[in-house]
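[1] Prediction below, plus the sequence it came from.
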Amino acid sequence: ISGIHRPAKLVIDQQAIFDNVQQAVKRLPADTVLWAVVKADGYGHGMLQVAQAAAAAGATGFCVALLDEALGLRQAGFDQPILVLGVTPANQVTLAAQQRISLAAPDAAWLQTAAATLQNSTAPLSVHLAFDTGMGRIGVQTVAEVQAAMALLRQAPFVFDGVFTHFSTADEADTTHFNQQVQQFKTLLAAVGQRPRYVHVANSATSLWHQACASNVVRFGVAMYGLNPSGDALPLPYPLKPALRIESELTFVKQVPAGAAISYGATYHAAQPEWIGTIPVGYADGWQRRLQGFHVLINGQACEIVGRICMDQLMVRLPEKLPAGTKVTLVGTDGDTAISLQDVASFAHTIHYEIACGLTMRLPRVYLPYQA
Ligand SMILES: Cc1ncc(COP(=O)(O)O)c(CNc2conc2O)c1O
């Protein structure tokens, strides 16, 4: 049930997605392609609409986390290469083979089970062997494990399409761990022998701040949404356009006397007679309770969120009496003030990835189209 009868929405600017991808494609090293990372419903922005704009801007493939997300892209008519970055249960890989979806292979044991699952499959399974070079999540870690996997990979039912790794500190100024991962990647890559078609290591941060080693695919996620992978730790080498705004309206306005309590737990008391506005957004929309004390923008002014954030509503202190229906900006620009997803994330002691992915489906998404 999306709340189209509620004045609250996510506005996703597909032109920003298009422009961010186009800028990145222009900067790709020779013989390198960009695959758009559209997992988690496009980091909350809408998987299909992001995929459409990214492909129009030059993305030649997609990365997702789950086979189900890949199937969603295929069902929507996307025919490009799709790589599932997470571990798909090895006994459920038949659909991937049938739908020409590439799967991450985490080790030889997985390959063994996948081969048994596919013994009657008419379609081969495209796999990318995952190297764990220091992310500590999935993949082979030693030359011996690479060799064990290679013994299975170069024969039916597999098409050995790629090897990849994932850097855990590419968005940090300290490059110690990053450099160790690069070295380990080179060691494991050497054990592969003849390289597969795709060799890839780069997330957004790597593509922005590092020369990706021996890699011919960039797995472009957070920067496509216009967000700095480092938060505000590292300066961007080129500008990115944030794609997401969150807009609502005041639904109720009242004046309260000094000492009046606001919201659950009566944790806020008006210090003097105050105008209080109610906004139809709450933690069930992903606007976390810990954002109490943060602010929204109304008529270009920051208005503090007062009292506990409810499931479906929150209250703010207004500078003056304002009519119900007054526009509210939770994320975006209002006059010469702005609230970024990073601002929200910082206040909530988290990262903008989590804020974006946490915006629930109850908030309707409105798309501003791109001009190719
Ligand atoms: C294997 C892999 N490649 C590429 C990306 C894209 O990274 P980017 O969005 O920084 O460009 C991710 C994002 N994975 C996650 C992002 O946040 N938590 C994650 O697990 C990933 O897990």
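    Great, that's in hand.
[2] Only C-alpha atoms from now on, for both contacts and neighbour counts.
    Noted.
[3] can you map out the helices along this structure?
    14-26, 39-43, 47-56, 67-75, 94-98, 108-117, 143-153, 176-190, 204-209, 341-347, 352-357 (DSSP state H).
[4] any chance of those helices in a markdown table, with distance to residue 317 and mean neighbour count too?
    Formatted as a markdown table, these follow (distance: least, Cα to Cα, whole Å; neighbours: other Cα atoms under 10 Å):
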| stretch | distance to residue 317 | mean neighbour count |
| --- | --- | --- |
| helix 14-26 | 32 | 22 |
| helix 39-43 | 31 | 20 |
| helix 47-56 | 36 | 22 |
| helix 67-75 | 41 | 18 |
| helix 94-98 | 52 | 19 |
| helix 108-117 | 56 | 18 |
| helix 143-153 | 60 | 17 |
| helix 176-190 | 46 | 17 |
| helix 204-209 | 38 | 22 |
| helix 341-347 | 18 | 19 |
| helix 352-357 | 23 | 19 |
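[5] Which among these is found nearest to the ligand?
    Closest to the ligand of the helices of the chain is helix 204-209 (Cα to the nearest ligand atom; 3.6 Å).
[6] For that closest one, which outside residues touch it?
    Here helix 204-209 makes contact (Cα atoms under 8 Å, 6 or more residues apart in numbering) with 167, 170-171, 212, 218-223, 229-230, 236-237.
[7] can you list the residues of the stretch 51-200 of the chain near the ligand?
    85, 166 (Cα under 6 Å from any ligand atom).
[8] Could you list the domains of the chain?
    The chain breaks down by automatic domain parsing into domains covering 14-225, 244-339.
[9] Not counting sequence-adjacent ones, nearest residue to residue 278?
    Computed as Cα to Cα, 6 or more residues apart in numbering, the closest residue to residue 278 that is not its neighbour in sequence is residue 315, at 4.5 Å.
[10] mind checking pLDDT for that neighbour?
    The score at residue 315 is 99. That number is its pLDDT.
[11] How many residues are close by it?
    Residues near residue 315, counting by other Cα atoms under 10 Å, number 26.
[12] I'd assumed residue 275 was in contact with it.
    No. The criterion here is Cα atoms under 8 Å, and residue 315 misses it with residue 275 at 10.3 Å.
[13] these two touch, right, residue 154 and residue 160?
    Yes. Using Cα under 8 Å, residue 154 is in contact with residue 160, at 6.2 Å.
[14] Neighbour count for these two, which is higher?
    Neighbours of residue 154 and residue 160, each counted by other Cα under 10 Å, are more numerous for residue 160; the result is 23 against 12.
[15] In the sheet, which residues pair with the more buried one? Tell me.
    Beta-bridge partners of residue 160, counted by DSSP bridges, are residue 127.
[16] pretty sure it contacts residue 198?
    No. Under the criterion of Cα under 8 Å, residue 160 is not in contact with residue 198, lying 9.3 Å apart.
[17] Next one: the closest residue to residue 175 other than its chain neighbours from the ligand, what distance?
    Among residues not flanking residue 175 along the chain, residue 169 sits closest, at 7.3 Å (Cα to Cα, 6+ apart). Plainly put, residue 169 is 10 Å away from the ligand if you go by Cα to the nearest ligand atom, to the nearest Å.
[18] Can you give me the neighbour number for residue 169?
    19.
[19] Residue 135 touches residue 164, doesn't it?
    No. Applying Cα under 8 Å, one finds residue 135 not in contact with residue 164, separated by 11.8 Å.
[20] These two: who's more crowded?
    Using other Cα under 10 Å as the criterion, residue 135 and residue 164 rank with residue 164 on top: 23 against 16.
[21] Could you report the pLDDT at that one?
    At residue 164, the model reports a pLDDT of 98.
[22] Could you list everything it pairs with in the sheet?
    In this entry, residue 164 is beta-bridged to residue 130, residue 200, by DSSP bridges.
[23] wait, what's in contact with it?
    Counting by Cα under 8 Å, 6+ apart, residue 164 touches 128, 129, 130, 131, 199, 200, 201.
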